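Peer 1: I would like to see how this sequence folds:
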Amino acid sequence: MNRFPWSIGVACAAAAALLAWGVHALVPAIPLLTAAVALGIIVAQIPAARSAITGPLASGLSVASKRFMRLGIFLLGLKLSLIDIAHLGWLTILLVVVLVLVTFAATYWLGRLARLPHHEPLLIATGFSICGASAIGAMSGVVKARDSEAATPVALVTLCGTLAIGVLPLFWHPLGFTADQFGHWVGASVHDVGQVVATAQLAGSSALAIAVVIKLTRVLMLAPMVSIAALAVHRRDSRSIADADPAVHNLVTAKRPPIVPLFVAGFLLAVAIRSFVPLPELVLSIADVVQTALLAMALFGLGTGVRVRELISTGWRSLLVGLASWALIAVLAYGAVVLS
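Peer 2: Got it, this is the predicted structure:
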């Protein structure tokens with residue numbers, strides 16, 4: 001008897017991550033994490049594979065999409081230096097924060113207006129405003145969303161982020177941007193870090209550096225947004241339990257979970273270490289490889305929850321919300337570049 005029933009699913013996710021790396025190596029314009037999500041989506045559409053995904057591979061894919069996602073988010077903090085972010089200047093930082101908050105609120109409102117089910121409005125808002133599929137995975141873990149609930153937001157943010165790689169460069173010169181301004185726009189409007197790199201590198205190394213720092217500033221917003229969501233969910237659940245059974249409510253309150261989820265606290269700790277502790281380049285390089293591998297496996301797991309047929313037949317409202325959010329953040333990011 002297999003003492004680790006999740007091992008087969010994890011091995012499958014690891015193989016998919018390696019395959020995604022191979023795709024990225026052959027076609028550098030395709031970000032590794034985007035390739036991992038896309039592979040998960042493709043595999044999930046194969047009837048023969050679907051039975052395995054929902055059967056013997058299910059527990060392992062769940063471990064990858066939840067636990068590995070949290071470990072990857074923790075290590076993602078080592079990419080962030082508060083010193084680099086401070087060099088952007090207070091106005092740029094303020095505009096990035098406002099951009100995230102406005103996009104998040106507007107997308108969430110659009111999702112509610114479109115009557116998207118369950119946690120979809122929250123997850124789409126998180127993915128489009130902060131850092132793509134990784135943010136969706138982090139938020140879904142906090143609000144205890146099912147993998148099937150995260151599937152549509154992951155598919156949408158992957159679709160729009162991939163389109164951005166080809167679409168945004170077309171507007172570079174018509175908008176009158178310098179190379180650095182284009183990098184700023186890309187960092188403020190594209191969802192996933194890998195997609196930012198693939199898009200901004202066309203404008204040169206200086207534009208790429210600016211884009212990455214702007215993007216990582218948005219990533220930093222993941223911690224407070226997830227913590228606020230965790231607190232809101234806890235209060236909602238407490239009220240529901242209190243209405244149903246006051247005795248159970250008192251027991252749950254006594255075992256209240258932390259306001260800041262453990263992996264978010266670890267993310268902030270990693271940011272602090274990266275900012276104030278001189279780490280050897282070898283350590284940072286190893287952490288970067290491990291973080292990328294963990295997130296690739298996690299995103300493959302999330303991708304396997306996507307059912308394209310169901311998305312086409314019932315997800316048109318979600319698609320409209322995603323496209324509207326994508327257009328909104330591009331316009332707001334343009335304004336932020338002009339004002340900076």
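
Peer 1: all helices for the stretch 151-300 of the chain, in order.
Peer 2: For the stretch 151-300 of the chain, the helices defined by DSSP state H, counting those that start in this stretch cover 179-189, 193-200, 205-220, 222-244, 246-254, 262-276, 281-303.

Peer 1: And the last one, what does it pack against?
Peer 2: Counting contacts by 3 or more CB pairs under 8 Å, 6 or more residues apart in numbering; DSSP states H and E, the secondary-structure elements packed against helix 281-303 are helix 7-26, helix 32-44, helix 58-63, helix 69-76, helix 132-143, helix 147-171. Just so you know, the C-beta spots here come from the backbone N, C-alpha and C atoms, and that holds for glycine as well.

Peer 1: what inclination does it have with respect to helix 32-44?
Peer 2: Using axes from the mean of the first three to the mean of the last three CA atoms, to 10 degrees, one finds that helix 281-303 and helix 32-44 are set 30 degrees apart in direction.

Peer 1: Run the angle between helix 281-303 and helix 69-76 for me.
Peer 2: Using the same axes, to 10 degrees, helix 281-303 lies at 150 degrees relative to helix 69-76.

Peer 1: quick one: the residue nearest to Val97 when sequence neighbours are not counted and Thr34, what's the gap?
Peer 2: Closest residue in space to Val97, ignoring its immediate chain neighbours: Met221 at 6.8 Å, by CB to CB, 6 or more residues apart in numbering. As judged by CB to CB, to the nearest Å, Met221 and Thr34 stand 21 Å apart.

Peer 1: Those two: who's more crowded?
Peer 2: Thr34 (28 against 20; other CB atoms under 10 Å).

Peer 1: Does that one touch Gly161 like I think?
Peer 2: Yes - the criterion here is CB atoms under 8 Å, and Thr34 meets it with Gly161 at 6.6 Å.

Peer 1: tell me what the helix or strand hosting Ala330 is packed against?
Peer 2: For Ala330, the host element (DSSP states H and E) is helix 316-339. When contacts are defined as 3+ CB pairs under 8 Å, 6+ apart, helix 316-339 packs onto helix 90-113, helix 120-126, helix 147-171, helix 179-189.

Peer 1: Report the buried residues of it.
Peer 2: 317-319, 321-322, 324-326, 328-330, 332-334, 336-337 (16 or more other CB atoms under 10 Å).

Peer 1: just the angle between it and helix 90-113, please?
Peer 2: Using the same axes, to 10 degrees: helix 316-339 against helix 90-113 is 160 degrees.

Peer 1: For helix 316-339, what does the pLDDT average out to?
Peer 2: Averaged across helix 316-339, pLDDT comes to 92.

Peer 1: Give me the angle between it and helix 179-189.
Peer 2: Going by the same axes, to 10 degrees, helix 316-339 makes 140 degrees with helix 179-189.

Peer 1: re the thing from before, would you mind saying which of the helices of the stretch 151-300 of the chain lies nearest Gly141?
Peer 2: helix 262-276 (7.8 Å; CB to CB).

Peer 1: And the contacts of the closest one?
Peer 2: 70-71, 73-83, 138, 141, 220, 222-223, 226-227, 258, 260, 279, 284 (CB atoms under 8 Å, 6 or more residues apart in numbering).

Peer 1: from those residues, which would you call buried?
Peer 2: 70-71, 73-80, 138, 141, 220, 222-223, 226-227, 260.

Peer 1: quick one: low-confidence parts of the stretch 101-250 of the chain?
Peer 2: Scanning the stretch 101-250 of the chain for pLDDT under 70 picks out 234, 236-250.

Peer 1: coming back round to it: tabulate the helices of the stretch 151-300 of the chain in TSV, adding columns for distance to Gly22.
Peer 2: Listed next are the helices of the stretch 151-300 of the chain as TSV, based on distance: least, CB to CB, whole Å:
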stretch	distance to Gly22
helix 179-189	26
helix 193-200	15
helix 205-220	23
helix 222-244	29
helix 246-254	47
helix 262-276	28
helix 281-303	11
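
Peer 1: for stretch 44-52, the distance to its chain's centre please.
Peer 2: Here the centre of stretch 44-52 is set off from its chain's centre by 25 Å, with CA atoms, centre = their mean, to the nearest Å.

Peer 1: Any chance of the helices and strands packed on helix 316-339 in CSV with distance to Ser206 and mean neighbour count as columns?
Peer 2: Output for these, formatted as CSV (distance: least, CB to CB, whole Å; neighbours: other CB atoms under 10 Å):
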stretch, distance to Ser206, mean neighbour count
helix 90-113, 15, 18
helix 120-126, 30, 27
helix 147-171, 16, 21
helix 179-189, 6, 26
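
Peer 1: would you turn the ones you listed into CSV with distance to Ala203?
Peer 2: Listed next are the helices and strands packed on helix 316-339 as CSV, based on distance: least, CB to CB, whole Å:
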stretch, distance to Ala203
helix 90-113, 18
helix 120-126, 28
helix 147-171, 8
helix 179-189, 4
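
Peer 1: Between the ones you listed, which one is closest to Trp6.
Peer 2: Taking CB to CB, helix 147-171 is the member of the helices and strands packed on helix 316-339 nearest to Trp6, at 14.1 Å.

Peer 1: which helices and strands does the closest one pack with?
Peer 2: Short answer (3+ CB pairs under 8 Å, 6+ apart): helix 147-171 packs on helix 32-44, helix 120-126, helix 132-143, helix 179-189, helix 193-200, helix 281-303, helix 308-314, helix 316-339.

Peer 1: Since that was my last question, I'll sign off now.
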